[in-house]
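# sharing a sequence plus its predicted fold:
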There are 2 protein chains.
Amino acid sequence: MRLLLIEDDTSLAEGIRTALKPEGYTVDWLADGQQAFHGIKNEVFDLLLLDLGLPGLDGLSLLKKIRAEGKNLPVLILTARDAIADRIAGLDAGADDYLIKPFDITELKARIRALLRRSAGRAQTSLQLGELELNPQNQQVIFQQQPVNLTRREFALLHELLNQPGHVFTRDHLQQLLYGWEEDVESNALEVHIHHLRKKLFPSLIRTLRGIGYVLDKDAQP
Amino acid sequence: MRLLLIEDDTSLAEGIRTALKPEGYTVDWLADGQQAFHGIKNEVFDLLLLDLGLPGLDGLSLLKKIRAEGKNLPVLILTARDAIADRIAGLDAGADDYLIKPFDITELKARIRALLRRSAGRAQTSLQLGELELNPQNQQVIFQQQPVNLTRREFALLHELLNQPGHVFTRDHLQQLLYGWEEDVESNALEVHIHHLRKKLFPSLIRTLRGIGYVLDKDAQP
DNA sequence: CACAAAAATTAAGGCTAGCTTAAGGCGCAC
DNA sequence: GTGCGCCTTAAGCTAGCCTTAATTTTTGTG
């Protein structure tokens, strides 16, 4: 899962990123609303964490612009002002949820999970495919009744694939999922992670599309 | 599927080509409107990606000339100017859709798919013929309930044939489909691919028209 | 029926994307 | 500070795809 955080308070932003990283999210960060708008237009994110009260293009206007573009991205508003009017304005402008600063980081995590779940159009919290089950809440993967230890990257990959079995993910997409804008990975790290997943689960789970990317087949069997 | 990209910004053009290749499109590229007009007159493309604001013959004039020729090619306009007047002019001149730069590459892909689907006059995304089903989204082919592994070239060929069962495709057309202008294939590669398709599916699927090309019979049976 | 042209068949070889493996470094926790 | 585990890197390997080319079969024609 790839999130975009738009927040002008540097230390808060750092804190949020550090807190979300262990959850397996890739969090890109921008402090400026105008930049954020371009970012959203050109890249694919799963969720937007938006601070109201930004310099440049303010949060509410940004949100309106995004919705005007027809983007259906889930947006979670962070706001210091607890004025009711503000919250209502935010929700009216197309936000999906809001959180008042200062907030508890665990609540943030919970709400992010809820929004992602909702946007995927799912009621239950865990993803299942045959004998494989992935639970985003506690980062657990169970295969054939046995818990499987996956690392952060492995989990992130499997999570993405499992979100849309049968959908083709290009190598590019998966790399961005793992690395965001941070580093430029000039190696075969992605392939290594795929390899580890196949080893820990079963080889035929992930099908390679040569020159394209990877798919998780709906009827994959060990 | 063979697309023609007319764009004078080299790096953007490269980017688009790289992004579309994994989707299975063959993308030929021209930077000049005049050349493009000749290209379109003499070759067969499935879709045109057209940058407005070209040197030589500008995009709008090119589009008008194409339509004047009676060509029914789907045209997707790319434009940096977001002036409403421009878009309207583009659509009036016969464009089928437009995208404003800078655009999201995934949106470009989605719109290309939509246009191709529309131009093929189909609602569903997967192509079916008897017990054979081809899904362009996830590059999968199913025959008699069993998934069939096709390579990139085989898939591209079958995709083309399946798009218009009963339509005769010349050898020349199919070769250009696979190779564009890039390389010149001086061998019987096409025949070999056809052979492989017949082997993996069933021989009578593709009928040979000696001296002309190939057809996929509408009522082909194993 | 014989011949030529076209297409089918088959196998081989090169190439490249992806796989595998191992090592080193870095960060994090204790 | 130290140890452990995860991640990246890199190098060598594998396998599958594509083309080529030689040979055989088919088809159409005189």
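Noted; the coordinates are in hand.

# residues from chain A in reach of chain B?
Chain A has residues A:38, A:41-44, A:166-168, A:170-172, A:209-213, A:215, A:217 near chain B, with proximity defined as C-beta under 8 Å from any C-beta of the partner chain. No exception for glycine: its C-beta is placed from N, CA and C like everyone else's.

# considering only these, which also neighbour DNA strand D?
residue A:210 (C-beta under 7 Å from any atom of the strand).

# pull out the buried members of the residues of chain A next to chain B.
Among the residues of chain A next to chain B, those that count as buried by neighbour count (16 or more other C-beta atoms under 10 Å in any protein chain shown) are A:41, A:43, A:168, A:170, A:171, A:209, A:212, A:213, A:215, A:217.

# how long is stretch A:135-148 end to end?
Its first and final residues considered, stretch A:135-148 spans 12 Å by C-alpha to C-alpha, to the nearest Å.

# residue B:94: which of the buried ones among the residues of chain A next to chain B is nearest?
In terms of C-beta to C-beta, no member of these lies closer to residue B:94 than residue A:41, at 26.7 Å.

# what are the buried residues along the strand or helix carrying residue A:20?
The secondary structure element spanning residue A:20 is helix A:10-20 (assigned by DSSP states H and E). Of the residues in helix A:10-20, those buried under the neighbour-count criterion (16+ other C-beta under 10 Å) are A:12, A:13, A:16, A:17, A:20.

# just give the closest residue to the last one, not the sequence neighbours.
I take that to be residue A:20. Counting by C-beta to C-beta, 6 or more residues apart in numbering or on different chains, residue A:27 is the residue found nearest to residue A:20 once chain neighbours are left out, at 5.2 Å.

# so which elements touch the helix or strand hosting the one you found?
Here residue A:27, judged by DSSP H and E, is contained in strand A:26-30. Using 3 or more C-beta pairs under 8 Å, 6 or more residues apart in numbering or on different chains; DSSP states H and E as the contact test, the elements touching strand A:26-30 are strand A:2-6, helix A:10-20, helix A:33-42, helix A:171-179.

# what's in contact with whichever helix or strand comes after the third one?
With elements assigned by DSSP H and E, the helix or strand that comes after helix A:33-42 is strand A:47-51. The set of residues external to strand A:47-51 that reach it, using C-beta atoms under 8 Å, 6 or more residues apart in numbering or on different chains, is A:1, A:3-9, A:16, A:40, A:59, A:62-63, A:66, A:73-79, A:95, A:112, A:115-116, A:119.

# parallel or antiparallel, list what pairs with strand A:47-51.
Based on DSSP bridges, the strands next to strand A:47-51 in the sheet, each with its direction, are strand A:2-6 (parallel), strand A:75-79 (parallel).

# end to end, how far does stretch A:173-191 reach?
With C-alpha to C-alpha as the measure, stretch A:173-191 spans 13 Å from end to end.

# hang on, I meant stretch A:139-155
With C-alpha to C-alpha as the measure, the ends of stretch A:139-155 fall 7 Å from one another.

# buried residues in it, which are they?
Judged by neighbour count using 16+ other C-beta under 10 Å, the buried positions of stretch A:139-155 are A:141, A:143, A:148, A:150, A:153, A:154, A:155.

# so which of the residues you listed sit within strands?
Using DSSP state E, the subset of the buried residues of stretch A:139-155 located in strands is A:141, A:143, A:148.

# residue contacts, the second one?
Applying C-beta under 8 Å, 6+ apart, one finds that residue A:143 lies in contact with A:131, A:132, A:133, A:201.

# could I get those as TSV with neighbour count?
As requested, the contacts of residue A:143 are exported to TSV (neighbours: other C-beta atoms under 10 Å in any protein chain shown):
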residue	neighbour count
A:131	14
A:132	20
A:133	18
A:201	21
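
# circling back to that earlier point, narrow the contacts of strand A:47-51 to those that are buried.
Neighbour counting with 16+ other C-beta under 10 Å marks A:1, A:3-8, A:16, A:40, A:59, A:62-63, A:66, A:73-79, A:95, A:112, A:115-116 as buried within the contacts of strand A:47-51.

# so how many other residues sit close to the residue nearest to residue A:149 when sequence neighbours are not counted?
Computed as C-beta to C-beta, 6+ apart, the closest residue to residue A:149 that is not its neighbour in sequence is residue A:200, at 7.6 Å. Counted with other C-beta atoms under 10 Å in any protein chain shown, the neighbours of residue A:200 add up to 16.

# nearest spatial neighbour of the closest residue to DNA strand D within chain A, skipping sequence neighbours?
Among all residues of chain A, residue A:151 sits closest to DNA strand D, at 2.8 Å; criterion: C-beta to the nearest atom of the strand. Spatial nearest neighbour of residue A:151, excluding adjacent residues (C-beta to C-beta, 6+ apart): residue A:196 at 7.7 Å.

# distance to DNA strand D for the contacts of residue A:143 - can I get that in a markdown table?
Below are the contacts of residue A:143 laid out as a markdown table (distance: C-beta to the nearest atom of the strand, whole Å):
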| residue | distance to DNA strand D |
| --- | --- |
| A:131 | 23 |
| A:132 | 19 |
| A:133 | 20 |
| A:201 | 15 |
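
# near DNA strand D, which residues of chain A show up?
Counting by C-beta under 7 Å from any atom of the strand, the residues of chain A close to DNA strand D are A:149, A:151-154, A:178-179, A:183, A:185-189, A:192-193, A:210.

# again, only this time at 6 Å
With the criterion set to C-beta under 6 Å from any atom of the strand, chain A comes near DNA strand D through A:151, A:152, A:153, A:154, A:185, A:186, A:187, A:188, A:189, A:192, A:210.

# among these, which pair sits farthest apart?
Distance extremes for the residues of chain A next to DNA strand D: the farthest pair is A:152 and A:210 at 27.6 Å, using C-beta to C-beta.

# what is the subsequent helix or strand relative to the least confident helix or strand in chain A by mean pLDDT?
Taking all helices and strands of chain A together, the one with the lowest average confidence (mean pLDDT, DSSP states H and E) is helix A:84-92, at a mean of 69. Taking DSSP H and E as the definition, the helix or strand that follows helix A:84-92 towards the C-terminus is strand A:97-100.
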